[in-house]
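Undergrad: need a 3D model of the following:
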Amino acid sequence: MNFQSNVMVKSLFVLLALFILPLGGFASSEKSHATEHKQAIYANAFPVIVDVVVDEIRNVSISDGQFELVAEVLLSWTLPDSFKRPSEEVTLIGDPMEEFLSVTWDPGIYLPNAESPRETMARSLTVYPNGKVELYEKFAAPLSMETDIPSYPFGILDLHLEIKSSNHAIPDAVLHPRKFDIGHHDSEHTVVKGNWRLEGHRSEVVDVSSLSHGGKSRFSVAVFHLALSHDFVDVVQKIFIPLFSVLLLSLVINRYSVIFETESGADNGSWRVGGQLTLLLTLFALRFALGEDVPATHYVTMIDALFITVSLVVVITLVWGIYIIYLFQAGRKEAAQTLESRSNLVMLAITLSLLAWVASFALR
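TA: Numbering: from 1, shown residues only. Next up, the predicted model:
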């Protein structure tokens, strides 16, 4: 019986293997065919070289999920032989430039992640005798950004500029980033404005689908990434020092404003409650005074966690002190003295636990 069972099990595994192996080969063949098809499309694609110089980054707002960018873009391509070429270098602006683009080849560039139409500051077209065409544009635009930075004010914020052709799908236009600079090297102009600093930058090209052209075509998109981090000194001065001062004062008041064994709770009881109430009101005022320095997000950041921690410590010490005063006034002196003696240890344990939770945001 056991022998027959083993034979049946082995036969089942053989059948499964015979069924699965052709499927794996089929999937691999499909993937290889798709790769070869994509390579064939790109081999016959019309290349457009993209150079970008970022002149200014300003008004970075995590709450609004946008920033303002001033940049220069140079698009370069070569006209097909069927088009007439000038005998010498020619630079066009205004209507002659638009007319040339309309009768030859217009990349129709736009910014997919722009919140509103870009403001063009300068635009020109240069045509060379060898058929090379360069379209220059300097513009300003509000751009959307990814706001996922739970470790704020630490961590890296990824800003990006997307450039895409609205007129030509792949393979009629494939973008190739060549140069990506932050500011001009011969200028001392500060590019990143506000309490942010640049940590790095890179570019890439992705293929995306679109409802344009019947919704069946894919378009080439050049993406230029800018990695920014928040200024640490500014955060320490505005946020960390005030919050940790409130936290320390709350623990000091709880430790040294001892409630004595009297019917009224003594003057120290009033100091203990009044001091914690003052710190709580200070926290609320600080939160609203910081404004944009504490961005409103749909998730909890490290700054939010720190505010929650300090608020909880102040509220718990306040309620704890009020309850001890109540016990003294109710004549339950032994219970009041027990809570008072354990107060410092309990508050320290709660504070350290909450601070460990805050520190965990740095690893996210």
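Undergrad: please name the nearest non-neighbouring residue to residue 93.
TA: Leaving aside its sequence neighbours, residue 93 sits nearest to residue 124 (C-beta to C-beta, 6 or more residues apart in numbering; 5.0 Å). (C-beta placed from N, C-alpha, C; glycine too.)
Undergrad: just give me the neighbour total for that neighbour.
TA: Look at residue 124: counted by other C-beta atoms under 10 Å, it has 14 neighbours.
Undergrad: sticking with it, tell me its helix or strand.
TA: Using DSSP states H and E, residue 124 maps to strand 119-127.
Undergrad: between strand 119-127 and the helix or strand that that strand is followed by, find me the angle.
TA: Next in sequence after strand 119-127, counting helices and strands by DSSP H and E, comes strand 132-144. Orientation of strand 132-144 against strand 119-127 (axes from the mean of the first three to the mean of the last three C-alpha atoms, to 10 degrees) gives an angle of 170 degrees.
Undergrad: what about the helices in the stretch 101-250 of the chain?
TA: All helices of the stretch 101-250 of the chain, identified by DSSP state H, counting those that start in this stretch, fall at 232-235, 241-256.
Undergrad: which positions in the first one come out as buried?
TA: Spelled out, that is helix 232-235. For helix 232-235, burial by neighbour count (16 or more other C-beta atoms under 10 Å) applies to residue 235.
Undergrad: which residues touch that helix?
TA: 153-154, 195, 293 (C-beta atoms under 8 Å, 6 or more residues apart in numbering).
Undergrad: please repeat the previous calculation with a cut-off of 6 Å.
TA: With contacts defined as C-beta atoms under 6 Å, 6 or more residues apart in numbering, helix 232-235 is touched by 153, 195.
Undergrad: kindly report the same for stretch 59-67.
TA: By C-beta under 6 Å, 6+ apart, stretch 59-67 touches 68, 115, 142, 144-145, 147, 159, 196, 295-296.
Undergrad: one more: stretch 174-187?
TA: By C-beta under 6 Å, 6+ apart, stretch 174-187 touches 45, 47-54, 189, 191, 201, 203, 205, 220, 222, 224.
Undergrad: list the ones among the residues you listed that fall in strands.
TA: The members of the contacts of stretch 174-187 that map onto strands under DSSP state E are 47-54, 201, 203, 205, 220, 222, 224.
Undergrad: which among the residues you listed end up buried?
TA: Buried among the ones in strands among the contacts of stretch 174-187 by 16+ other C-beta under 10 Å: 48-54, 201, 203, 220, 222, 224.
Undergrad: got a markdown table for those residues, with distance to residue 311 too?
TA: Output for those, formatted as a markdown table (distance: C-beta to C-beta, whole Å):
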| residue | distance to residue 311 |
| --- | --- |
| 48 | 54 |
| 49 | 55 |
| 50 | 49 |
| 51 | 50 |
| 52 | 45 |
| 53 | 46 |
| 54 | 40 |
| 201 | 38 |
| 203 | 43 |
| 220 | 50 |
| 222 | 46 |
| 224 | 41 |
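Undergrad: where does the prediction get shaky in the chain?
TA: Counting by pLDDT under 70, the chain has low-confidence residues at 1-43, 258-269, 292.
Undergrad: can you list the domains in it?
TA: If you go by automatic domain parsing, the domain ranges for the chain are 43-230, 234-363.
Undergrad: excluding its backbone neighbours, what's nearest residue 110?
TA: Nearest non-adjacent residue to residue 110, counting by C-beta to C-beta, 6+ apart: residue 166, 5.2 Å away.
Undergrad: gap between that neighbour and residue 138?
TA: As judged by C-beta to C-beta, to the nearest Å, residue 166 and residue 138 stand 20 Å apart.
Undergrad: equivalent analysis for residue 256, please.
TA: Counting by C-beta to C-beta - residue 256 and residue 138 are separated by 63 Å.
Undergrad: then residue 55?
TA: For residue 55 relative to residue 138 (C-beta to C-beta), the value is 7 Å.
Undergrad: wait, what's in contact with residue 193?
TA: Taking C-beta under 6 Å, 6+ apart, we find residue 193 in contact with residue 58.
Undergrad: quick check: phi and psi at it.
TA: With angles defined as degrees, to the nearest 10, residue 193 sits at phi -100, psi 160.
Undergrad: same thing with residue 72?
TA: Here residue 72 shows phi and psi, under degrees, to the nearest 10, equal to phi -120, psi 130.
Undergrad: run through the neighbouring helices and strands of the strand holding residue 124.
TA: Judged by 3 or more C-beta pairs under 6 Å, 6 or more residues apart in numbering; DSSP states H and E, the packing partners of strand 119-127 are strand 90-92, strand 132-144.
Undergrad: ranking those by burial, who's on top?
TA: Of all these, strand 132-144 has the most neighbours on average by mean count of other C-beta atoms under 10 Å, namely a mean of 18.
Undergrad: which residues sit against that strand?
TA: 65-66, 68-70, 72-79, 111, 113-116, 118-127.
Undergrad: pull it out as CSV, backbone CA atoms only.
TA: Below are the C-alpha coordinates for strand 132-144, written out as CSV (Å, rounded to 0.1, in the frame of the first residue of the first chain):
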residue,chain,number,x,y,z
LYS,A,132,20.7,70.7,-36.4
VAL,A,133,18.0,72.6,-34.6
GLU,A,134,18.1,74.0,-31.0
LEU,A,135,15.0,75.2,-29.2
TYR,A,136,15.9,77.3,-26.1
GLU,A,137,13.4,78.3,-23.5
LYS,A,138,13.6,79.8,-20.0
PHE,A,139,10.5,79.4,-17.9
ALA,A,140,9.0,79.5,-14.4
ALA,A,141,6.3,77.1,-13.3
PRO,A,142,4.7,75.8,-10.1
LEU,A,143,5.3,72.0,-10.0
SER,A,144,3.7,69.3,-7.9
